[in-house]
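K.L.:
Here is a sequence with its predicted model. Questions after.
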Amino acid sequence: MSQSPKFSSQLSPAPEGLRVDLLDRYGLFINGRFVEPASGEWFETISPKDQQPLALIAQAGIKDVNKAVQAARLAQPKWAALPSSERAKYIFRLARLLQERMREFAVIEALEGGKIIREARDFDLPQAVQHFFYHAGWADKLQYAIPGVANPQPLGVVGAIIPWNFPTLMLAWKIAPALATGNTIVLKPAETTSLAALMFCEIVQAAGLPKGVINIITGDGQTGAALVNSKVDKLSFTGSTSVGKMIAAQAGDRKITLELGGKSANIVFADAALNQVVDNIVDSIFANRGHTCCAGSRLLVQEPVHDRLMRLLERRMQTLRIGDPLDKNTDLGPINSLQQLKVIQDLTASGIKEGAEAFTTRTSLPRKGFWFAPTVLINVTPDMRVAQEEIFGPVLSVITFRTPEEAIQLANNTPYGLAAGVWTNKGSKALKVASQLKAGVIWQNTYNRFDPTAAFGGFKESGWGREGGLAGLRAYLKEPKQ
Amino acid sequence: MSLPVQKTYKNFVGGVYVRPESGRTKDFLGSRVPVSSRKDLRQAVEAANKATVPASAYLRGQIVYRLAEMLSARKQEFIDYLKMEGLSQQVAEQEIELAIDRVVLMAGWADKYSQILSSINAVEGPYFVSTAPEPKGICVLAAPADPGLTILLTRMLAAFVTGNPAVVLFESSCLSRLALAELIQASDFPQGTINLLCGQLDELLPVAAAHKQIALLDLSLEISNLSEFQEIATSNLKRLIIPTAEQLDPASSQSASVSVLNDFCEQKTVWHPLGF
């Protein structure tokens, strides 16, 4: 036994131990209780890691949607008329109860959405909880929401539609501000990730929230369309730009908040701390498998450091672990759905066809389920589809630039304007570049940072309005007429 | 019925219960309560000086919300204290209900006041310029004379949520106020961030006014020799806060407005150039 053991980068499996008991099927949460869908239709939700069925989910039809909106409508005046401190305490209850059950929600997100447990546990759930706490505290301070308005009024009933990439966090982003401002809500989760929202209904019940204040209806795009066309007073949507445009067209004079797609530029100047940059590139594009609207999907690199940065990035990528999202060591889980996998495959292939070169992690992927290896496309030019279209997967398009002016021009050269990153050791440059970028969120020497106090949202085709902070709060209140 | 075990009331300094350094105690409603000396005050300031108020606004909010949970759980006990200290059943109940809601309200302020009290300044020239609140430093708060906890808690928590350690002084309603220590301790306030001293205000306040480590003196009650120690406080430019009548009315929304928090803040302006 004289030989010392060889270093191995293989880690032992570290499976998440918590088991969550699921029901066989979940009805619609309307007026404080689960009800059977009038449509009589159900669909199966599966785990994207192995396509195992998890539960049956109700498909809400037009009748169901209207029933939920009606419940919210009836509950709204009483909810708004509660003393503000009482409303605050209800939302604090939601925050605390969710905080107590964070791990269960993290497991459900990993199981049903394919998000890695580490991200769900360390980011999504703590953020969701913090969002409820932050907005709970606004309920009794609304006189500060809009300067000059002593007693701002709610809009009424909010119709919210959320995507599958952050199931609980997006739910929190919609429900918390809506309730704090005295609105009631009908929320539709994405059809591939309904379980977290349905589990949240148990929390709504445990908190003793008045019936009809929160209603959760499940279903596909048809359910969403029915909600948009129902008699809600405000529409709050997070999802694709194409659906966002349809909603905007149907909104009429209703107030809307849209958080849509992005093709965010992560700009690296030659004077940046490259080792730090590498880790953050990985975080910005491969976190949540690139299923992030604000993913830094275009890397703009100043020419002198391009080759070195790519060498560092390729080496760093080889340490990424792809596999079971319920293993705490995993860095990337499966793609959320077969449909999304095809989009990613098609777009990546188009990039290579148009002349980009690719490198990926040299790793084998599981056979069952929906998998895509993290991929970097270099020699990308701004006219390629992979430089213009949102891939919504773990694919990075790399473009080079020479001057700050060129970087700004490249960064702004998309219909999107959600986020951007700026990497430089010169503060004045970071701020000057930030001032000229047409994007709603700029991260300087960091990426993908979120906080309920900091407004999030996009310019141009990345959305309308903001979520979080004072700006997000105002989106749920009547503004004084000009 | 077996013989009840009586509670010993002590000051709360640096996260622990301490007897007054001088050994002086007085009778208050059948219990002995501390009569703190100027040395007790100095030690409390020392404890506040060593204390670390969490830099995270979210965490400060969580700690204060925990205090609301603790007060809510022991509501009846505090109603009983207030009744002993002279309030009717109904008024005592209202006061504690109000105090619980107020603590919840203050918890919510922690991550919001800076959004209201700060600005990005449109200066002439290529600079990015922000002005934002920062804590003042050690705050000494003289609690109201009348029985009740809402105003005391409001002002103590206004200091805490804006990032300041506090020393609270009182000479009346001693039992309910000394018992607050048990809630504070159970809510994970870091040691020394809140200190409670029971004593004679006419002895302690002039010492506080002259103490240069104290940044701010907050007076929630009428002081007979006010001008005397106003003079002392002015000599070292200590911030002297005398709340308005509305700010001292627990039923008024003014008593928990952002102006109350602003009194515990300095403003800091940061300039940074813009340019490639």
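P.N.:
Now that the structure is in, tell me what you want to look at.

K.L.:
need the contact list for residue 58.
P.N.:
Assuming you mean chain A. Residues near A:Ala58 by CB atoms under 8 Å, 6 or more residues apart in numbering or on different chains: A:25-28, A:36-37, A:39, A:41-42, A:64, A:217-219. All C-beta atoms are positioned from the backbone trio N, CA, C, and that covers glycine.

K.L.:
meant chain B, my bad for not saying
P.N.:
B:Tyr58 touches A:130, A:133-134, B:110-111, counting by CB under 8 Å, 6+ apart.

K.L.:
Relative to A:Gly17, which of these is nearest.
P.N.:
Checking the contacts of B:Tyr58 against A:Gly17 with CB to CB, the nearest one is A:Gln130 at 25.0 Å.

K.L.:
since we're on the closest residue to chain A within the stretch 51-200 of chain B, how many residues are nearby?
P.N.:
Chain A sits closest to B:Gly108 of the stretch 51-200 of chain B, with a gap of 2.1 Å, by CB to the nearest CB. Residues lying near B:Gly108 (other CB atoms under 10 Å in any protein chain shown) number 28.

K.L.:
thinking it is in contact with A:His135, fair?
P.N.:
No: counting by CB atoms under 8 Å, A:His135 is not a contact partner of B:Gly108; they are 9.0 Å apart.

K.L.:
name the helices or strands packed onto the one helix or strand B:Asn195 maps to?
P.N.:
B:Asn195 is part of strand B:194-198 when elements are defined by DSSP states H and E. Where contact means 3 or more CB pairs under 8 Å, 6 or more residues apart in numbering or on different chains; DSSP states H and E, strand B:194-198 is packed against strand B:11-13, strand B:31-34, helix B:38-50, strand B:166-170, helix B:174-186.

K.L.:
Compute the distance between B:Leu216 and chain A, please.
P.N.:
23 Å (CB to the nearest CB, to the nearest Å).

K.L.:
Could you point out the longest helix of the chain?
P.N.:
Picked chain A for this. Across chain A, the longest stretch assigned as helix under DSSP state H is helix A:62-81.

K.L.:
wait, chain B
P.N.:
helix B:89-109.

K.L.:
and the following helix or strand past that one with chain A, contact?
P.N.:
Next in sequence after helix B:89-109, counting helices and strands by DSSP H and E, comes helix B:113-117. Yes: using CB under 8 Å from any CB of the partner chain, helix B:113-117 reaches chain A at B:115-116.

K.L.:
List the contacts of the closest residue to chain B within chain A.
P.N.:
Chain A approaches chain B most closely through A:Gly137 (2.1 Å), counting by CB to the nearest CB. For A:Gly137, the contact set (CB under 8 Å, 6+ apart) comprises A:88, B:61, B:105, B:107-112.

K.L.:
let's go with 7 Å and repeat that
P.N.:
A:88, B:61, B:107-109, B:112 (CB atoms under 7 Å, 6 or more residues apart in numbering or on different chains).

K.L.:
Let me know the pLDDT of it.
P.N.:
Looking at A:Gly137, its pLDDT reads 98.

K.L.:
what about A:Ala430, helix or strand, and which?
P.N.:
In the assignment (DSSP H and E), A:Ala430 maps to helix A:427-436.

K.L.:
so after that helix, what's the next helix or strand?
P.N.:
Heading C-terminal from helix A:427-436 (DSSP H and E), you reach strand A:441-444.

K.L.:
For chain A, which residues are neighbours of chain B?
P.N.:
Residues of chain A found near chain B (CB under 7 Å from any CB of the partner chain) are A:85, A:88-89, A:92, A:130, A:133-134, A:136-138, A:140-141, A:144, A:404, A:427-429, A:431-432, A:435, A:453, A:469-470.

K.L.:
So which of those are in helices?
P.N.:
Per DSSP H, the subset of the residues of chain A next to chain B in helices is A:85, A:88-89, A:92, A:130, A:133-134, A:136, A:404, A:427-429, A:431-432, A:435, A:469-470.

K.L.:
how far does the helix holding A:Ala430 sit from the chain's center?
P.N.:
Taking the mean of its C-alpha atoms, helix A:427-436 sits 27 Å from the chain's own mean (CA atoms, centre = their mean, to the nearest Å).

K.L.:
Now do it: everything it contacts.
P.N.:
So helix A:427-436 is contacted by A:267, A:269, A:404, A:408, A:422, A:424, A:442, A:444-445, B:128, B:272-276 (CB under 7 Å, 6+ apart).

K.L.:
Which residue comes closest to A:Leu418 once chain neighbours are left out?
P.N.:
A:Gly262 (3.2 Å; CB to CB, 6 or more residues apart in numbering or on different chains).

K.L.:
Assumed A:Ala172 was part of a strand.
P.N.:
No: A:Ala172 is assigned helix when assessed by DSSP: H, G, I helix; E, B strand; the rest coil, not a strand.

K.L.:
That one touches A:Pro126, doesn't it?
P.N.:
No: counting by CB atoms under 7 Å, A:Pro126 is not a contact partner of A:Ala172; they are 10.7 Å apart.

K.L.:
For these two, indicate the residue with more neighbours.
P.N.:
Set A:Ala172 next to A:Pro126 and count neighbours by other CB under 10 Å: A:Ala172 wins out with 28 against 16.

K.L.:
can you pull the contacts of that one?
P.N.:
A:128, A:131-132.

K.L.:
Next, format those residues as JSON lines and append neighbour count.
P.N.:
Converted to JSON lines, the contacts of A:Ala172 look like this (neighbours: other CB atoms under 10 Å in any protein chain shown):
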{"residue": "A:Ala128", "neighbour count": "28"}
{"residue": "A:His131", "neighbour count": "29"}
{"residue": "A:Phe132", "neighbour count": "26"}
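
K.L.:
and of those, the nearest to A:Phe286?
P.N.:
A:Ala128 (21.7 Å).

K.L.:
Would you mind giving me the confidence score for the closest one?
P.N.:
98.

K.L.:
ranges for the strands of the stretch 151-276 of chain B?
P.N.:
B:166-170, B:194-198, B:214-219, B:239-241, B:265-273 (DSSP state E, counting those that start in this stretch).

K.L.:
In TSV: those, plus mean neighbour count and mean pLDDT.
P.N.:
Formatted as TSV, the strands of the stretch 151-276 of chain B follow (neighbours: other CB atoms under 10 Å in any protein chain shown; pLDDT from 0 to 100):
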stretch	mean neighbour count	mean pLDDT
strand B:166-170	27	98
strand B:194-198	29	98
strand B:214-219	23	96
strand B:239-241	17	94
strand B:265-273	13	98
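
K.L.:
Tell me the secondary structure of A:Asp383, please.
P.N.:
When classified by three-state DSSP, A:Asp383 comes out as coil.
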